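S.K.: model the structure of this input:
(one chain, ligands or ions: 2)
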Amino acid sequence: MSEQSVITPAADAKPNTRKVFVKTYGCQMNVYDSERMTDALSKDGYQATDVLEDADLVLLNTCHIREKAAEKVYSELGRLREMKKARAKDGREMVIGVTGCVAQAEGKEILRRAPAVDLVVGPQTYHRLPEMVARVARAAGTVVETDFPVEAKFDHLPEAAAPQGITAFLTVQEGCDKFCSFCVVPYTRGAEFSRPAAAVIAEAKRLAAQGAREITLLGQNVNAYHGEGPDGAVWGLGRLLRALAEIPDLARLRYTTSHPRDVDDALVAAHRDLPQLMPFLHLPVQSGSDRMLRAMNRGHGAAEYRRLADRLRAARPDLALSSDFIVGHPGETAEDHRASLDLIRAVGFAQAFSFKYSPRPGTPAAGAPGQVAEAEKEARLAELQALLREQQDGFNRSRLGMEFPVLFTGPGRHPGQIAGRSPWLQPVHVQDAPAALIGRVAPVRVLAAHPNSLSAALADPRAAAPGSPYHSPHHEPDANPEEEERARA
Ligand code: SAM
Ligand code: SF4
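M.R.: Ligands and ions are numbered 1, 2, ... in the order given. Next up is the predicted model:
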């Protein structure tokens, strides 16, 4: 097992002389998993590298959600095969592994299509990765591991070795039992599983101690979270967020991705009560047509989604919504498509992702009648994206002249500039601001709105002054401008 590593470095090998390069595709959960894999391998002497040419072990952590995402992996594998051949001529080895959802879904088929691959590992067995890499090295054979083992990988993966930074991801839930007609996730990630609340809180405290000021809780269906609480009761996401909001140095909390069906009263109340919970929610709806929502097995109608948006906004008036849309699901008519445009106009989104339906082998929709022609999908996507773009521009422009707190995360692209995120996740750039504000929250005033970002100036001159309390990790300015306003009154 991974925690009792069986890799024995060769007699002449020095610790940390082998290098691993991980390329991550797809969602933030894969980003989190890639970091945990690197941590697990570092115990066995592998050092992470950003330089592919230096790597002894190359891992592609893959995404299977749409055909394009999966095919990208095969073209990358083609390039790696050439590199591996060239290396072999120089007497150097290169181990290639495929991890993630393509590994889970395609298993041995990957070895058939890409024989240069040595290792195929599904997302539930990353904790066994060091052992599998060692097996490949010993036997010079191939390893395919796509089990859903009974032990939870989280119990076996090591704690984060390297600090994740000012903004960190934390997986609290995995898998999905919803079986939407179009989606591979229930097949690649398995049944829903929630980590115990105590483990999540401990990891959040560790991240905060390492300098994280914002944590985004992750799950394929994050608000289906139902973890065991330290009190023995089952905790939902609302309860978990309340506990995390008590960690002193965490200025901001977010979570993604949520399902409309799993938004309960406790979660709405968390949005009302917790200033740390940012007023931005990614809440995918997929379609505005009741007929399509039924065909997709989403378990709610368009009117319910609109009522839910109203409830959330009543709880947190500055809440902005983001969503995912699929156009051209089998059976979608022009009328269904118009219903999606109507819902977008009625709800109003600050940001959204939209996709052409992509048939995924093994899912119910892939074999369903009424597949929509590619040209029709393209036309519908263009129309939907034009409307969403208009709304995003409008939302960004609506911030002009506004003052709100920004969490600064790093230097900007230009000298003297620093960059951060607004409460609504918009990138914000501030010119002539001290680097001492990086990792801190300070109020800004928006000077210009761009399609994907905002330019701003510091709203409080004290934030620029040397030795300012804003530069201290424990200074907690207005996480919520309304709270601050109330306190001043
Ligand atoms: N659990 C989330 C939910 O229920 O909305 C979604 C997670 S999924 C990884 C991310 C997005 O990919 C989905 O919201 C959907 O819009 C899109 N997606 C999933 N399967 C797709 C498919 N077969 N074709 C096109 N888009 C797809
Ligand atoms: Fe996929 Fe999300 Fe539906 Fe689960 S709820 S099947 S992850 S789209």
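
S.K.: show me which residues of the stretch 151-300 of the chain are close to ligand 2?
M.R.: For the stretch 151-300 of the chain, the contact set with ligand 2 under Cβ under 6 Å from any ligand atom comprises Cys176, Lys178, Phe179, Cys180, Cys183, Val185, Pro186, Gln220, Asn221, His259. In short, each C-beta sits where N, CA and C put it, glycine included.

S.K.: drop anything exposed from those.
M.R.: Cys176, Lys178, Cys180, Cys183, Val185, Pro186, Gln220, Asn221, His259 (16 or more other Cβ atoms under 10 Å).

S.K.: pick out the most distant pair among those residues.
M.R.: Greatest spatial distance in these: Pro186 and His259, 12.5 Å, computed using Cβ to Cβ.

S.K.: any chance you could list residues touching both of these two?
M.R.: Counting by Cβ atoms under 8 Å, 6 or more residues apart in numbering, the residues touching both Pro186 and His259 are Lys178.

S.K.: returning to what we had before: out of the buried ones among the residues of the stretch 151-300 of the chain next to ligand 2, who's nearest Asn297?
M.R.: Once Cβ to Cβ is applied, the member of those that ends up nearest Asn297 is Cys180, at 5.4 Å.

S.K.: grab the nearest non-local neighbour of whatever residue of the stretch 201-350 of the chain ends up closest to ligand 2.
M.R.: Relative to ligand 2, the nearest point of the stretch 201-350 of the chain is Gln220 (4.6 Å; Cβ to the nearest ligand atom). Closest residue to Gln220 apart from its sequence neighbours, by Cβ to Cβ, 6 or more residues apart in numbering: Cys176 at 4.8 Å.

S.K.: same thing with Val117?
M.R.: Nearest one to Val117, counting by Cβ to Cβ, 6+ apart, is Ile96 at 5.1 Å.

S.K.: right, and Pro405 touches Leu437 too?
M.R.: No. Using Cβ atoms under 8 Å, Pro405 makes no contact with Leu437, being 11.4 Å away.

S.K.: once you drop chain neighbours, what's closest to Ala48?
M.R.: Nearest non-adjacent residue to Ala48, counting by Cβ to Cβ, 6+ apart: Thr38, 4.7 Å away.

S.K.: just checking, the one you found is part of a helix?
M.R.: Yes. Assessed with DSSP: H, G, I helix; E, B strand; the rest coil, Thr38 lies in a helix.

S.K.: Phe404 touches Pro443, doesn't it?
M.R.: Yes. Using Cβ under 8 Å, Phe404 is in contact with Pro443, at 6.7 Å.

S.K.: which one of the two has more residues nearby?
M.R.: Neighbour count, other Cβ atoms under 10 Å: between Phe404 and Pro443, Phe404 has more, with 21 against 18.

S.K.: sec struct for that one, please.
M.R.: strand.

S.K.: okay, the residue lying closest to Ser453 once chain neighbours are set aside: pLDDT?
M.R.: Spatial nearest neighbour of Ser453, chain neighbours left out: Pro427 (4.1 Å); criterion: Cβ to Cβ, 6+ apart. On pLDDT, Pro427 comes in at 97.

S.K.: give the burial count for Pro427, as a bare number.
M.R.: Pro427: 16 surrounding residues under other Cβ under 10 Å.
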